[in-house]
Structures are given as C-alpha cells and as structure tokens.
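>>> can't give you the sequence, but here's the structure:
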DNA sequence: AAATCTTGTGTTATCGATAACTCAAAATTA
DNA sequence: TAATTTTGAGTTATCGATAACACAAGATTT
C-alpha cells in the first residue's frame, strides 16, 4: 500500500510536506506542491482514512441501525438517511436488528468499537433502553427514530401514531363499520401503544364501546399468530373491518384471510399504518396512513449531524411528522 | 476515551499485558488476568477498532454497493449479504449508486480510503468497468453482483436473464399473445441485453418475427419515458402484452396504462422480471420471473469472504442462479 | 549446584497520518 | 547594513493498539 512516506521519499520532501499538500494547510511553494501532486498521481495515492481518524478522532462514519431492511418503510427511511449523510460527507455503516434486542446489542458493541461519529437508531422497542444507555455512557451522539423509548432523553423523529390511527379508524366508522379489530404490534413499542390509544379514542368519540376481544397484540415483524386471527373470526359478533398496525401485519392479515377464502374488501375491510413504497405502487389497493419515511431518515440524519458537529443546543429536540390518510380500495361501506 | 493505557496504569501492568488479556494471546498469570479484566469492566473499556485495524491491516468492513435500496430486489439482496457478513464477523458499509456512474465513482473513492476488506459490487452497468478497475488496481477483493461487466475478470453472481426472459415470453405466447412489447433497461447493462436476447429467442422459437418497433430501451431505474409507451400503444398493430425487464419498469408501465384508462390484464397483459418482496405479497398480482435475491447477497458475500480470507483459488468463479416463473393474474389469454 | 527451560511480563518499534514546534534562508524593514 | 519578519520547509511526539524481542525469576533437569 502506498503511504505518505512513499510519496515523500519519491518527491524528495518530508512526510509532513506531503500531508500539507493533501490538506492544503500550511505554506508550500508552488513548485513543491506540483512535484508532490505529480508523485501522488503517479503512485495512485489514496490517504488512509484509518490513520487519519486515529489522529483526528473522527471517522466520518454514521451507523444506521434499523429493525428490518426488508420493510419498505425502513428502506425509504434508509434512503433519506443516506442521501443526507452523503451530502454532508459521511458514510453509512449499516445494521439490521430484526426487532431483536440481542442482535441490537451486538450491533451496539460493534458500533462502539468502530468509533462511529454518531448513530441513527430505530430501536426495537422499550428494552432498547439499555442499548441506548450504553451509547450515552460512551458519549456517542445519537438520534432515535420512529419509536420513543421511555427513560431516554435524546433527539427523536416520530410519526404521529395516535392521530394516524384515529384517522384510519374514523374512516372505517364513516363507512359504517362498528366491529373493528386491531391487529397490533407488541405493547413494548411506543407506536403500538399509541396506535391502540388512537384506535380506542376514535371508537369512543363515535359512541362505540371498545371491546378488547377485538384487539390482538402480536408484533410488527411477522404475522405468525394465525390462531389469534382465527379466534377473532369465530366470535359471535365478528369484526367487519381490521386495522393492522403496520404494513407487514397487513400483509399477514390479508394472506390469512385469503387462505380462509375471505376477500378484501368484499368480506372484510382492511386498513393499515405505513405504505408499501415504490413496489406497492403496482397495485395500490390498501387504505393506509402513510408516513413520510424519507423525511424520517433525512431529518433524523440532519439532527444527528448537527449534534455531531456541535451545532445543536443541549436540549433534545423532538420532531413529530404527520401521516397522510390515503383512501384506496381495501375498505367497503358496510 | 478509555484506552489500553488507562487500563494498564490502573491495573499496574504494561499496555502489552492488557493487550494480551484482551486477545487471549501469550502467557498471563491467572491473577493478573483477573485484575486486568476487572479494571476493564470497571472502566467500560472497548478496544479501538481503528487502532487495531491500522496495525492488522484489516478492518472487518465490507462495502455493499448497490444501485437502488428502494428496489425490493436489492433490499432482499442486502439482507442476504448482511446476514452472511454478520455471521463471519464483518460489518457492512453501505452505498447506493442510483445507477449513476459518477455517484458510483464517488463511493469507490470513499471505499478505497476507508480500506475496507472487500466490496460486494452491484454495478450500474458496463461503464462501471473503470470503477471496478480502480478497485483491482488497489487490490481490493470484490465480487460482482447481478450484472456482468465486459472486460472485468472477477467472481460474479448472476441470474439467468436469458432463460427467465424466455420463460416469461413463452408464457405469454402460450396464452395466445403474438404482439408482445419489451420495455427494457438500458443496453449498457448485461441483464438488459440478455433479456432482449431471451425475448427474441422465445419469439423466434415460436415462429413469431421479432419487431423492434415493439422494443423500448429505457433504463431500469425510472419509467419516465411516457411518450415512448404512448407511441407503442398508437401503433397500427399495438401490443396485447408487455414484458417489463424489471419490477420498477413494470410499476411504471402499469401506472401509465392506468392513467390511460387501460386495465391489467383486461386490456393488456403484463409480466416482468423480479418479484416485489414481502410488500408485494399483499396483493400478488403480477406474473414474474422471480430471482432468488437473498441468495444473490448471501452467496456473493460468501464468495467475497472466501477471497478475503485467502480460501479461494485464483481462478474467478461464476455462479448463475435460475429464476422461477410465478404465474399470477396479470396475464390473460387472448 | 550449575545449566537449562519455562513463565510472566516489560520495552521498543510500528501501522499512516497530523499537530505542534523548530529553524534556516530569503525578504522586508529600520 | 543590521534587525526583523516571512516563507518554506523539517523534526518530534502522538493517536491506540500489537508484533517482535528481551529478560528476570522461578522451576526443572543434569
């Protein structure tokens, strides 16, 4: 590997002079500068970022930790984060926690040893608390995305889960539905709690008494709990509409319904949180509360970079982004 | 930041002894080991990967360069790559080229300065040649994914584009279609060329004379060339089916058709290469040649890691993965 | 008891770059 | 012309870790 010393020797100067040429610092005569530049080109020299970072204590690396890169919400978020990072000269170190606290912890350890400048952290849930605390203890700047973690005071970019849920449920009520089921994420995730609250609020505001036998707490990632849905459908007074608390749950619900010979919206209306990204545009079909995923990533990254570069005040900031109700064809008036 | 010297001082030993404890190398008395361990825990010591890498000349970083993280094919591929990387103790440095050679070049420069151990490279197209050569010149191991680059001799994981295209077109022919259009990627991408060949072969094998006025060369990334599609539909003898060369093009085609009041499959049959990932499962609708995207990432990463760790022979390897024809409801017998 | 080996640990140099300081020669000022 | 300032470099120490070598004290062999 070509180092600064190779350049120095061949150009007949000291390493420091080469360093000065590279960084355009200090005083260098035009003649020397040209000679060094020429040798650098000839040898295809590229500065070693490791050595640089060791001195400067800055890696220009930002870790993006998300729960599922396969989910279009996070994919679009990642895109926003990457664009903003690139613009500011940061590279992205990528990690996928799979909504699994242990995997998340592994990655936090990796992150700490890598000495990244900051972390854009979409936590798996409330128990991410310890992992975030670990970052705090080591004074790594971070911004929390999508889910609020009780007990962690940090910059955070959230969606308005309560309002989004309310809008979806009210849309169903407007169409005449009264028995509305909620297939929710795990209760140790803030968004799932808020969507549950929004769901209940919408029902009560419209004079419908919430019925907890219509509420399933499953988990955002996979819809494997077929039996729970089955029980829901076997009720004396079964739901006529289902609110899935995120896009992946909606996929599972619809697939299960299909397996049972039930069609959406003919036999069951379905709505959900989060849209399906570009891929979903082939056949826009589900009525959703669409969150501005790209903005989550972009704004989160901007907050983070401000923090890293010391341009942010000490107080932690909180951005709440609205979701948009997009009515499509997965709901039908009762 | 806590360093090995802080630990050494507090434990009353030399830095080297601490290093030995960390790495379980050399001879250390049980007593000293315990003492050092205790101090390490107390101070929450985490080794600095930068310093380590500088000495060992190994970063345990692998760069994943793809063209579009928003495309479920690459997303699933990334997932496969990440899982394989994590298993082998590598972290992933992420980059998105947007099918843009300049952006790709920028990232290659970043990659080189970061001293990654290897690159998993999904090239934008034939002109990625220079960027790959750049890696070769600096002796960075890499594996090429999805697209073959003329003039570059390297490990590569490909899909069988020709056969996949043939299968899709033959499926359409079986249904009675004779006027089949191809909306293709740019001709400087190997998969687009092969899909074009497969398309022609299928037509000829079935006694249909290929008609180049039915073939559009657009670009995989965006479907913005509305006028081209318009002309296609205005032909005296317009197509009754469209083969979109990838999933994103299919989305564009279907949206455009919809804007013109044309429905799939009633007014036009549509098939495409690549499936839509988990999100597409809500409403499986398009007939596709589905590529094993996860395997692309996983196998590519395995090849790469073998190369990095010197377990691979010098000869470059070439893996060709078949695609699977999945017939759904976007095609209709004529 | 002397010679040899083993054990446990320390010292020094190094990875590639840069910050901080130094200093001779040239240019400018008094 | 002597004193001072500016210019264009070079030297040394440092970032945090590890490889290679050195070495004293204790254990083992002859």
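That came through, no problem. These numbers come from a predicted model, not from an experiment. Residues are numbered from 1 along each chain as shown, chains lettered A, B, ... in the order given.

>>> what does stretch A:321-333 rub up against?
Contact with stretch A:321-333 is made by A:157-160, A:163-164, A:167-168, A:171-172, A:175-176, A:241, A:264-266, A:269-271, A:273, A:275, A:284-292, A:295-296, A:299, as judged by Cβ atoms under 8 Å, 6 or more residues apart in numbering or on different chains. All C-beta atoms are positioned from the backbone trio N, CA, C, and that covers glycine.

>>> Try it again at 7 Å.
Under the criterion Cβ atoms under 7 Å, 6 or more residues apart in numbering or on different chains, residues A:157, A:159-160, A:163-164, A:167-168, A:171-172, A:175-176, A:241, A:264-266, A:269-271, A:275, A:284-292, A:295-296 lie in contact with stretch A:321-333.

>>> residues of it that come out buried?
A:321, A:323, A:325, A:330-332 (16 or more other Cβ atoms under 10 Å in any protein chain shown).

>>> Considering only these, which also neighbour DNA strand C?
The subset of the buried residues of stretch A:321-333 within reach of DNA strand C, by Cβ under 7 Å from any atom of the strand, is empty.

>>> got the contact list for residue A:301?
A:81, A:84-85, A:120.

>>> biggest separation within the residues you listed, which pair?
Farthest pair in those (Cβ to Cβ) is A:84 and A:120. Separation: 9.5 Å.

>>> Who has more neighbours out of these two?
Set side by side, residue A:84 and residue A:120 show more neighbours around residue A:120, with 28 against 23, by other Cβ atoms under 10 Å in any protein chain shown.

>>> picking up where we left off before, can you convert the contacts of residue A:301 into JSON lines and add a column each for distance to residue B:127?
What follows is the contacts of residue A:301, written out as JSON lines (distance: Cβ to Cβ, whole Å):
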{"residue": "A:81", "distance to residue B:127": "27"}
{"residue": "A:84", "distance to residue B:127": "27"}
{"residue": "A:85", "distance to residue B:127": "25"}
{"residue": "A:120", "distance to residue B:127": "32"}
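
>>> Out of these, which is nearest to residue B:58?
Distances from residue B:58 to the contacts of residue A:301, taken by Cβ to Cβ, are shortest for residue A:85, at 24.7 Å.

>>> The helix or strand harbouring the closest one packs against which elements?
Here residue A:85 sits within helix A:72-87, counting by DSSP states H and E. For helix A:72-87, the elements it packs on are strand A:61-66, strand A:91-96, helix A:293-308, strand B:91-96, judged by 3 or more Cβ pairs under 7 Å, 6 or more residues apart in numbering or on different chains; DSSP states H and E.

>>> follow-up on the earlier one: show the buried residues in the contacts of stretch A:321-333.
Neighbour counting by 16+ other Cβ under 10 Å classes A:157, A:159-160, A:163-164, A:167-168, A:171-172, A:175, A:241, A:264-265, A:269-271, A:275, A:284-292, A:295-296 among those as buried.

>>> Can you pick out the ones from those that are in helices?
A:163-164, A:167-168, A:171-172, A:295-296 (DSSP state H).

>>> And the worst-scoring helix or strand of chain A on mean pLDDT, how far out from the chain middle?
Scoring the helices and strands of chain A by mean pLDDT, DSSP states H and E places helix A:226-234 at the bottom, with a mean of 88. Distance of helix A:226-234 from the chain centroid (Cα atoms, centre = their mean, to the nearest Å) equals 31 Å.

>>> Just the buried positions in that helix, please.
A:229, A:232-233.

>>> Then stretch A:132-152?
For stretch A:132-152, by 16+ other Cβ under 10 Å, it's A:132, A:134-135, A:140-149, A:152.

>>> Dump the helices and strands packed on helix A:72-87 to a markdown table, plus distance to DNA strand C and mean pLDDT.
Listed next are the helices and strands packed on helix A:72-87 as a markdown table, based on distance: least, Cβ to the nearest atom of the strand, whole Å; pLDDT from 0 to 100:
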| stretch | distance to DNA strand C | mean pLDDT |
| --- | --- | --- |
| strand A:61-66 | 16 | 98 |
| strand A:91-96 | 17 | 95 |
| helix A:293-308 | 17 | 98 |
| strand B:91-96 | 18 | 95 |
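
>>> So which of these is the most surrounded?
Comparing the helices and strands packed on helix A:72-87 by mean neighbour count (mean count of other Cβ atoms under 10 Å in any protein chain shown), strand A:61-66 comes out on top with a mean of 26.

>>> and it, which strands flank it?
With DSSP bridges as the test, strand A:61-66 is paired with strand A:91-96 (parallel), strand A:118-121 (parallel).

>>> tally of neighbours for residue A:18?
27.

>>> quick one: contacts for it?
A:4, A:7-8, A:36.

>>> which stretch of helix or strand covers it?
Residue A:18 belongs to helix A:15-23, assigned by DSSP H and E.

>>> for that helix, the distance to its chain's centre please.
40 Å.

>>> What are the buried residues along that helix?
Across helix A:15-23, burial judged by 16+ other Cβ under 10 Å covers A:17-22.

>>> which one of those residues sits closest to DNA strand C?
residue A:19 (3.2 Å; Cβ to the nearest atom of the strand).

>>> pretty sure that closest one is touching residue A:5, no?
No - if you go by Cβ atoms under 7 Å, residue A:19 and residue A:5 don't touch, sitting 10.5 Å apart.
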